[in-house]
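> Need coordinates for the below:
(chains A and B)
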Amino acid sequence: MSYFLQLVVSGVVVGSIYALSALGFVLIYKSSRVLNIAHGQIIASGAFITYSLTVWMGIPLVLSFALGLCVTFFLAMSVERIFLRRLIGEPIISVIMVTIGLMSILDGIIYLTPFGTENFSFPPFLPTTPLVFAGVSVSWTQLVGVALTAAMIGGLSMFFRRSTMGIAMRAVADDQMASMSIGISIPKVFGLAWALAGMSAAAAGALIGNITGLNFDTLHAFGITVFPVVILGGLDSILGAVVAGIIMGLIQQFAAGYLDGNWGLSSTGEIMPYLILLVILLFKPHGLFGIHEIERV
Amino acid sequence: MATNRWLATGNFFSSYREEQRIFFTALDRSALLAAVCLLALWPLLVTIDSKFMLVIDTILVAVVAVLGLNLVTGFAGLISIGHAAFVGIGAYTVASFARLLGENHVVLTHAWPLLILLGGLVGAAFGALVGLPAMRLKHLYLAIATLSFQMIFQWVINFMDFFNQGQTIAIGRVAWPGGTVTRGQHYLFWYYIILTVIVVLAFAVRNLLRTRYGRCLIAVRDNDRAADAMGMHPGLTKVYAFALAGFFAGVAGGLQAYLYRGVGIESFTLHHSINYLAMAIVGGLGTLHGAFWGPAAIKALDLLVESFSSWVGEILTISGNLATAFKPLSFGLVIVLFLMFEPRGVANWWRIARSYVKQWPFRY
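A predicted model of the protein is given here:
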């Protein structure tokens, strides 16, 4: 039983980070219908920026976390401004390919830094002794990670519900033509969506860095696992991203916990999301909460 | 077929037959024949280092794969981020025979054309399978479906003992009516084989585009609702496009297995899928000769960047390998710049150059 609960705990922790990174992905898709393949690289650069600020420049972790979020905010915004703004109205394949090219460019830039090949880990800033509830141990970083994720998601949903800009973004996601006609600046909304996505990606990256250490390959793989999550939740649903993130985290941990080592299986946690993805695409392509676009011919 | 030596400006075709000819003018046909002859004859006149021969062979294998990708992405308008996995399916079809029978079994050494064809057919079967969601889904979801196929393929190969867990599986030297192909002849032999395959397949693609099935692909790309209203079946057409692409990729995989004399997972990763996509885009999506320019351009870029980064490494006295950084960087830049400034690819430069020459000196 405690083994089960332990898996649940680690599943929720991983899942909440999935939720956070999927959130950024969905933000971009929802507002501008761009499938951002380079999301994993943005996650990674957010994590690396935070790390270099805190370790190489000696800024306290909390402050550098905030600074990292800001830097990635503007980084993602400029990515949108430089690369994607020109492609508004171009066929969908060009847009996807540009994000693939972007992925390559960011890869190259990261390989120029030591982060491309070496492993780093954040200095511990929380007590390292884990908390133990009923035989289940939870580390402080995990706890803070989940709390931060919840806070970020809560903050973003408040932003969408209350602020003028948030409401404008929802309006654009709903109907671009109508929102243009009432004077909402679409490019501004796209830029902001990218910036917010970059920010949440950076937060996710920094959290992964704190929990498992920084390794470019891991962050890379993490970025691709976001796809199954968003498909499970529905490409355009923020609630879906959160729920599916946690479901995917749980499934991964259960697969790793119960399947690996039995029947000669190994690293099932890595492949499970993609199997689920294929099944979902075949049977419920719009995910759990995605809008079902009905198209009659 | 082609009777008129010159084509009048404007479209004066008076029958469908005339419009659907393979070669519009005798000049077109003789130019192509000359190009093929040149490609076939130059190795007899000049001998080059086997290292460069391997590069040329690799480009040609990529041409086969990109021909297929161009069908599914360029003509049918479906993004496939799993093309390397289909190439891998073909290669591993050959490799599984090597695992079952031993690398120098007579089936591998003598029946290699059949095995390569079989690789193509297995690739086609998997292509149709992955394309099945196309019956219900649109482009974005399809792209993700192919991506997940790529990931599952990598995992299965890495996981299964039968496939040597992704380590290299050796393939024997092939026999030929003139005896076994020796080490010295290997690359030259495969150059001719791959060239033949390309000529046959390119001809097949050109021909396909004249038939209703080929026009179906283009119609579904341009507007699937209109295509549906015209009585085509968009879902089936997409599945068909994926199967075709799978066939081309499988053939390329089989050829690659024999060319490298070994199959390992490191040639069929997500990175290679993206590489194929980049080749198709740089060459020019939806053009036949784009499939030839693209692989050549990307491969040339690769070599250039490699020598450039070793040069920079020498100047800056950096011990690490700069190529790992410069390669993705330049590659990504090329993709992005092409998409932003020349979305029609190198094929368009060819078109511009051709129309310049054609109209010289009387340009409008």
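> Can you give me the neighbour number for the closest residue to B:T58 other than its chain neighbours?
Residue nearest to B:T58 in three dimensions, not counting chain neighbours: B:K299, with 6.7 Å by Cβ to Cβ, 6 or more residues apart in numbering or on different chains. Just so you know, the C-beta spots here come from the backbone N, C-alpha and C atoms, and that holds for glycine as well. Each residue near B:K299 was counted by other Cβ atoms under 10 Å in any protein chain shown, and the total is 17.
> now the one 4 residues further on
Neighbouring residues of B:L303 were enumerated by other Cβ under 10 Å; the total is 11.
> Apart from its chain neighbours, what residue comes closest to it?
Using Cβ to Cβ, 6+ apart and skipping the chain neighbours, the partner closest in space to B:L303 is B:V55 (7.2 Å).
> Can you give me the distance of the one you found to B:A35?
From B:V55 across to B:A35, the span is 20 Å (Cβ to Cβ, to the nearest Å).
> quick one, which of these two is more surrounded?
Set side by side, B:V55 and B:A35 show more neighbours around B:V55, with 18 against 11, by other Cβ under 10 Å.
> What strand or helix carries that one?
Using DSSP states H and E, B:V55 sits in helix B:50-69.
> any idea of the mean pLDDT in that helix?
pLDDT averaged over helix B:50-69 equals 90, rounded to a whole number.
> For the residue nearest to B:T58, which residues are in contact?
The contact partners of B:K299, by Cβ atoms under 8 Å, 6 or more residues apart in numbering or on different chains, come to B:V55, B:T58, B:I59, B:A62.
> Show me the two of those that sit farthest apart.
The distance between the two most remote of those (Cβ to Cβ) is 10.7 Å, for B:V55 and B:A62.
> Can you confirm whether the helix or strand that the helix holding B:V55 is followed by lies near chain A?
Following helix B:50-69 in sequence order, the next helix or strand is helix B:83-101 (DSSP H and E). No - no part of helix B:83-101 sits close enough to chain A to count as contact by Cβ under 8 Å from any Cβ of the partner chain; the gap is at least 11.6 Å.
> tell me how far helix B:83-101 is from the chain's mean position?
Using Cα atoms, centre = their mean, to the nearest Å, the distance from the centre of helix B:83-101 to the centre of the chain it belongs to is 17 Å.
> That helix packs against which elements?
Based on contacts counted as 3 or more Cβ pairs under 8 Å, 6 or more residues apart in numbering or on different chains; DSSP states H and E, the elements that helix B:83-101 packs against are helix B:50-69, helix B:106-110, helix B:112-131, helix B:139-159, strand B:169-170, helix B:234-260, strand B:262-263, helix B:270-283.
> among those, where is the model least confident on average?
Per-stretch averages of pLDDT across the helices and strands packed on helix B:83-101 put helix B:106-110 at the bottom, with a mean of 79.
> Output that helix in CSV with nothing but the alpha carbons.
The C-alpha atoms that make up helix B:106-110 are tabulated as CSV, following Å, rounded to 0.1, in the frame of the first residue of the first chain:
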residue,chain,number,x,y,z
VAL,B,106,21.9,-17.0,-49.4
VAL,B,107,18.6,-15.2,-49.1
LEU,B,108,20.4,-12.0,-48.0
THR,B,109,23.2,-12.2,-50.5
HIS,B,110,21.3,-13.4,-53.6
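> what does it contact?
Everything outside helix B:106-110 that qualifies as a contact, by Cβ under 8 Å, 6+ apart, is B:V94, B:F97, B:A98, B:L101, B:L115, B:I171, B:G172, B:R173, B:V174, B:A175, B:T180.
> export those to TSV and tack on neighbour count?
Output for those, formatted as TSV (neighbours: other Cβ atoms under 10 Å in any protein chain shown):
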residue	neighbour count
B:V94	26
B:F97	22
B:A98	23
B:L101	13
B:L115	22
B:I171	25
B:G172	18
B:R173	18
B:V174	20
B:A175	16
B:T180	12
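> For chain A, state which of the residues you listed is nearest.
Of all these, chain A sits closest to B:A98, with 22.8 Å by Cβ to the nearest Cβ.
> tell me the contacts of the closest one?
With contact set as Cβ under 8 Å, 6+ apart, B:A98 has these partners: B:H105, B:L108, B:I169, B:A170, B:I171, B:G172, B:V263.
> Can you identify each of the strands in chain A by residue range?
Using DSSP state E, the strands found in chain A span residues A:131-133, A:136-138.
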